[in-house]
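A.B. asks: Sequence below, structure please.
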Amino acid sequence: MPKGPTRFVARAKPQAVGAPLSHPHASKKPLPLPPAYRDEKGPAAALPYHQRAIELDPNFAMGYLVAGNDYARSRRVRAGQRLLHQGIPVAGTCSEREKLAITATYYLSVTGELDKAAQTYQEEIESYPRNPGAHLDLGIVYSAQGQPAK
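C.D. replies: Residues are numbered from 1 along each chain as shown. Model prediction:
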């Protein structure tokens, strides 16, 4: 018998091909598709899955963000803006990191308030410095403001 605390490792159950993605520790909350799928097939192919995730859980704030981004990348900007706008009220139900990402994207893509977007991305970087997306998005904001050297 080993002495000391025993560690148990939770293992994810294998999923069937085509099964909806889920996390073993999530409370049945649908997850967005991995970026590799979006990169390989394109945002238009990922969009139905992200829309379905929102249908399954209308309070899934990150679902609105990724579906909105899918629309924007598919050159359907207005539809993406509508989804991002719908995701703002439910952003209070997600983690602080997700809330910052949703809010910053909303300011950047929907309202066009670049100063608020930059401030929110700065908050995200201060709280989560290893998140490369926030750094990249802040660079986009600075470029849009005519300050690419920042």
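A.B. asks: care to break this structure down by domain?
C.D. replies: Residue ranges for the domains of the chain, per automatic domain parsing: 33-94, 95-150.
A.B. asks: How about Tyr64: what's its closest non-neighbour residue?
C.D. replies: Nearest residue to Tyr64, sequence neighbours excluded (Cβ to Cβ, 6 or more residues apart in numbering): Gly87, at 2.7 Å. To be clear about C-beta, it is placed using only N, CA and C from the backbone, and glycine gets the same treatment.
A.B. asks: Hmm, Pro58 and that neighbour touching each other?
C.D. replies: No: contact between Gly87 and Pro58 fails when scored by Cβ atoms under 8 Å: they sit 10.1 Å apart.
A.B. asks: higher neighbour count, those two?
C.D. replies: Counted by other Cβ atoms under 10 Å, Gly87 and Pro58 do not tie: Gly87 has more neighbours, with 27 against 11.
A.B. asks: still on that earlier bit, what's the least confident stretch among the domains of the chain?
C.D. replies: Of all those, the minimum mean pLDDT falls on domain 33-94 (a mean of 84).
A.B. asks: How many neighbouring residues does Asn59 have?
C.D. replies: Counted with other Cβ under 10 Å, Asn59 comes out at 15.
A.B. asks: tell me the contacts of it?
C.D. replies: Contacts for Asn59 (Cβ atoms under 8 Å, 6 or more residues apart in numbering) come out as 90, 93.
A.B. asks: sec struct for it, please.
C.D. replies: coil (DSSP: H, G, I helix; E, B strand; the rest coil).
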